[in-house]
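Asker: Build me a model:
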Amino acid sequence: MDLRPHHLLCTQGYSGKGYSSEFVENMNQITRKLRSREPVKVRLTCSTDDLCAKCPNMLGTDLCSTNDKVKRFDRKVMEYFHLEEKEYIYQELVEKIREEMTPQMLSDICDGCSWYPVSACREKILGEKWKAEG
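Answerer: Coordinates of the predicted model:
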C-alpha cells in the first residue's frame, strides 16, 4: 500500500468524516486494514497515494488542489521522524510516531489542516501527552 508520510497521522486521527462519500468509503477500508493487528507493509511516497486516489482534491498524479500544503505536511513528517521513501511496517511507524511526537510537533506538522481542529488526531496520536497539555 502506498501512503504519504502525513497520512500516517491522518489514518490515526480519522473518525469517519471526509471530503466526499467515495473518499470516506475508501478511507474506511484503508484505515480498517491499517488498524488491524496484522502487520501491514506500506511504502512511503511524497506523492499521491492510495488515500488520495478517491479524494476530490486530487487533480492528477502528484498534484493536489492544496499541493503546497500537503507537500509541507509530508516534508515535516519525514524530517521529524527521520523517514525515507521506502517500505515500512505501518504499525511500527505508528508506534515510533506515538513515542516521539510532542504536542508542539503535531501542531507544527498539521498547521493549516482543516481536519485538525475537528479530528481525533491529538487524542489518538498524543494520548496522555495531549491530556497533560489540555
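Asker: quick one: the helices in this protein?
Answerer: For the chain, the helices defined by DSSP state H cover 7-13, 21-34, 67-81, 90-100, 103-109, 121, 128-133.
Asker: I'd like to know which of those is closest to K54.
Answerer: helix 21-34 (3.8 Å; C-beta to C-beta). Heads up, the C-betas are built off the backbone N, CA and C, glycines and all.
Asker: Quick one: list the elements packing against that closest one.
Answerer: helix 7-13 (3 or more C-beta pairs under 8 Å, 6 or more residues apart in numbering; DSSP states H and E).
Asker: Just the CA trace of the helix it packs on, in CSV.
Answerer: Presented in CSV, the C-alpha positions along helix 7-13 are these (Å, rounded to 0.1, in the frame of the first residue of the first chain):
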residue,chain,number,x,y,z
HIS,A,7,-1.2,10.2,6.1
LEU,A,8,0.5,8.2,8.9
LEU,A,9,-1.1,10.9,11.1
CYS,A,10,-4.4,11.1,9.3
THR,A,11,-5.1,7.4,9.4
GLN,A,12,-4.6,7.5,13.2
GLY,A,13,-6.9,10.5,13.8
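Asker: change the start of the numbering to 898 and stick with it
Answerer: Sure, I'll start numbering at 898, so the last one becomes helix 904-910.
Asker: quick one: H904 and C943 touch, right?
Answerer: No: judged on C-beta atoms under 8 Å, H904 makes no contact with C943 at a distance of 10.9 Å.
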